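>>> Sequence and predicted structure are below.
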Amino acid sequence: MDFTGSLYPPIGGRHHLLDNCHYNHFYNTSEWCRCVTCVQQRSFFPSDLGLQNRMAGWTVGKKVLATALGMGATGGAGLYVALDESVKADLTLHPPKLPWSHKGPIDSFDHASIRRGYQVYKQVCAACHSLKYIPYRHFVDVFMTEDEAKEEAAEVMVRDGPNDIGEMFDRPGKLTDYLPMPFPNSAAAAYANNGAVPPDLSLMVLARHGGEDYLYHLLNGYCDPPEGVELGEGQHFNPYFPGGAIGMAPPLYTDIIEYEDGTPATQSQLAKDVITFLSWTAMPEHDERKKFGMKAMLVLIPFTALCYYKKRQYWSLLKSGKYVYNPKKY
């Protein structure tokens, strides 16, 4: 096999058998060796040795400088891309955190606010949004007495049946009934709201990123659209809503209702109360869960201390004792 004139150098840049095997491959040799080692390993070397020839003469300082420049250029490009992505214009605002009274580890709901929030829902939100997972019996001992909850349920006529002759009939609501739906079906809801079906609010606080903060700023964040933003028919601009265009008109404004307890019905107060009520509908076990957690901590803390004491007691002999092995002598 004749590899004369080949562009592939042998391993380590040196030949093995011919007289010119002691020459480095950087010299222009006209003949390549035919040894087995060179023939087997020749394919591991690139055919273009120009870059290798140039870099071979670089000093250590040049190589370090080239490496540093390459890493710096790569890092700078990555930083530029990250900054460019972070400063791109976005019409969606992120809601800031608010100090809700029930967010502490041992804080309970403001039950007076829940009662006011139900009044806001009943008189404002219930025209479009449902609470299909909430029965009237949940109101008892939370923000209503049993008699008040029964009276509240009796105001609604519920379709029931069939009766003895097989016909459906309407009856006053009971504690076991769920809050009524504003529309008989989703098609009717979409027709009445420009094609958009109003979502159910039972779990809305848990279903949206940001929870109470998002809903509060959404209710209070309506404003005129910025220059260049076009809205469709029946749409409104809200920077806290994804995309900015929302089909729901501003639902709250000052003195839209009159509170039973005389609390000033400002827009922010209305939003705070109705969101507190929706937080309760999403987490009706909230207060009981925290009570149970406090009871569990009262038991677990002394139990943990007792376990630690017994562990030290049992292991004290093993950790402080000295064991010596004396083999039996024969």
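Arrived safely, thanks for sending.
>>> Determine the next helix or strand in the C-terminal direction from the strand or helix carrying V64.
Assessed by DSSP states H and E, V64 sits inside helix 60-86. On the C-terminal side of helix 60-86, the closest following helix or strand by DSSP H and E is helix 111-123.
>>> so how far is the helix holding V64 off the chain centroid?
Taking the mean C-alpha point of helix 60-86 and that of its whole chain, the gap between them comes to 32 Å (C-alpha atoms, centre = their mean, to the nearest Å).
>>> swap in stretch 267-286?
Relative to the centre of its chain, stretch 267-286 is centred 21 Å away, using C-alpha atoms, centre = their mean.
>>> for it, which positions count as buried?
The neighbour-count check on stretch 267-286 (16 or more other C-beta atoms under 10 Å) flags 267, 269-282, 284 as buried. Every residue, glycine included, has its C-beta placed from N, CA and C.
>>> Stretch 152-172 now?
Taking 16+ other C-beta under 10 Å as the basis for neighbour counts, the residues of stretch 152-172 that come out buried are 152-154, 156.
>>> all helices for the stretch 101-250 of the chain, in order.
Secondary structure of the stretch 101-250 of the chain (DSSP state H, counting those that start in this stretch): helices located at 111-123, 146-154, 186-192, 204-207, 211-220.
>>> Please tabulate those in a markdown table, including the columns distance to F169 and mean pLDDT.
Shown next, in a markdown table, are the helices of the stretch 101-250 of the chain (distance: least, C-beta to C-beta, whole Å; pLDDT from 0 to 100):
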| stretch | distance to F169 | mean pLDDT |
| --- | --- | --- |
| helix 111-123 | 25 | 97 |
| helix 146-154 | 16 | 96 |
| helix 186-192 | 22 | 94 |
| helix 204-207 | 33 | 96 |
| helix 211-220 | 38 | 96 |
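>>> will you turn those helices into TSV that also has distance to L69?
Listed next are the helices of the stretch 101-250 of the chain as TSV, based on distance: least, C-beta to C-beta, whole Å:
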stretch	distance to L69
helix 111-123	62
helix 146-154	75
helix 186-192	61
helix 204-207	51
helix 211-220	46
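>>> which among the buried residues of stretch 152-172 gets closest to E260?
When the buried residues of stretch 152-172 are compared for distance to E260 (C-beta to C-beta), E152 wins out at 12.7 Å.
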